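A.B. asks: just need the structure, nothing else, for what follows:
(one chain, ligands or ions: 2)
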Amino acid sequence: MRQLIIGIGGVTNGGKSTLAMSLHARIPNSCVIAQDTFFKDNSLVPVDSRGFTQYDVIDSLKMDEMMCEVRAWQKDPAAFQDSCRLRSQCPKMSEAAADMYTLIIEGFLIYNYRPLNELIDMKYFLHIPYEICKERRCLRTYNPPDPCGYFDGHVWPMYLKNRNEIEDTVSDLVYLDGTQSREKIFANVYKRIKMEMDKMPGKTYLCVLVLHLNCKKQSKMHVHV
Ligand SMILES: Nc1ncnc2c1ncn2[C@@H]1O[C@H](COP(=O)(O)OP(=O)(O)OP(=O)(O)O)[C@@H](O)[C@H]1O
Ligand SMILES: NC(=O)c1ccc[n+]([C@@H]2O[C@H](CO)[C@@H](O)[C@H]2O)c1
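C.D. replies: Residues are numbered from 1 along each chain as shown. Ligands and ions are numbered 1, 2, ... in the order given. Here you go, the predicted structure:
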């Protein structure tokens, strides 16, 4: 069985969920774990002197629970997939792909939590400029909704801080321009994932080749398919 963990991180409204769901729809045997589903209860998240609830920090998330889900997938991806809410309506699998399982982890702080970061094989980071981010955020309604001044007073400064932190600690990030069309971003990432999957060794078969050469030597070799 082969396992691949793909990370889709980046700024709020960068298009992480959109990309994750498109990949999920195209990749057989894939599951999505979304960091946004692990926010602590509002009453447990600190509020600063301006009345801004501090959501955009790693402590606002139940990372232990998120790690449990990731480990459950690693342990038994087939069983995890059966219990997964986001079951893939994916294309038919070729036999070669049948033993390949892919986990897509998406979220705005997935690389800021080292135990999670360490498990991710392919790391993508969607970024968009300040103006576009603010514009997209204004069109969304979170629960609870952003109070006045929240984007400039909390969300964007925390994004800059969190991004700075990973730039110093995470070396293998692939940055994606979230202002490109959904289709272009998807095609770029999907192509890279396919290439990675093709490089991953499949089942190992033991072939015993008996070579009747002049000297009647015998040799063994392993073939990866
Ligand atoms: N490539 C794109 N071009 C234009 N708009 C996009 C693109 N990708 C996503 N969007 C739109 O931007 C908004 C945010 O997208 P999405 O929910 O995927 O972002 P996100 O990074 O998961 O955000 P958050 O972390 O805040 O939940 C949505 O309205 C979505 O339709
Ligand atoms: N509980 C939530 O899902 C929640 C509540 C308030 C704010 N947010 C925002 O979600 C974004 C990440 O996707 C962050 O920028 C949070 O501010 C989420």
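
A.B. asks: thought residue 54 was touching residue 47?
C.D. replies: Yes - with contact defined as C-beta atoms under 8 Å, residue 54 reaches residue 47; the gap is 7.1 Å. Quick note: C-beta positions are derived from backbone N, CA and C, even for glycine.

A.B. asks: more neighbours: the two, which one.
C.D. replies: More neighbours surround residue 54 than the other of residue 54 and residue 47, with 13 against 10 (other C-beta atoms under 10 Å).

A.B. asks: quick check: the more buried one vs residue 61, distance?
C.D. replies: Shown here: residue 54 relative to residue 61, a distance of 11 Å by C-beta to C-beta, to the nearest Å.

A.B. asks: and if you look at residue 163?
C.D. replies: Here the criterion is C-beta to C-beta. By it, residue 163 lies 17 Å from residue 61.

A.B. asks: more neighbours: the two, which one.
C.D. replies: Shown here are residue 163 and residue 61; by other C-beta under 10 Å, residue 61 has more neighbours (23 against 17).

A.B. asks: so where do the helices sit in this structure?
C.D. replies: Secondary structure of the chain, counting by DSSP state H: helices at 16-26, 63-75, 77-83, 114-117, 130-138, 150, 156-169, 182-199.

A.B. asks: and the fourth one, C-alpha only, in PDB?
C.D. replies: What that stands for is helix 114-117. Output of helix 114-117 as PDB, limited to C-alpha atoms (Å, rounded to 0.1, in the frame of the first residue of the first chain):
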ATOM      1  CA  ARG A 114       5.500  21.000  13.500                       C
ATOM      2  CA  PRO A 115       4.200  17.400  14.200                       C
ATOM      3  CA  LEU A 116       1.700  17.900  11.400                       C
ATOM      4  CA  ASN A 117       4.100  19.700   9.100                       C
END
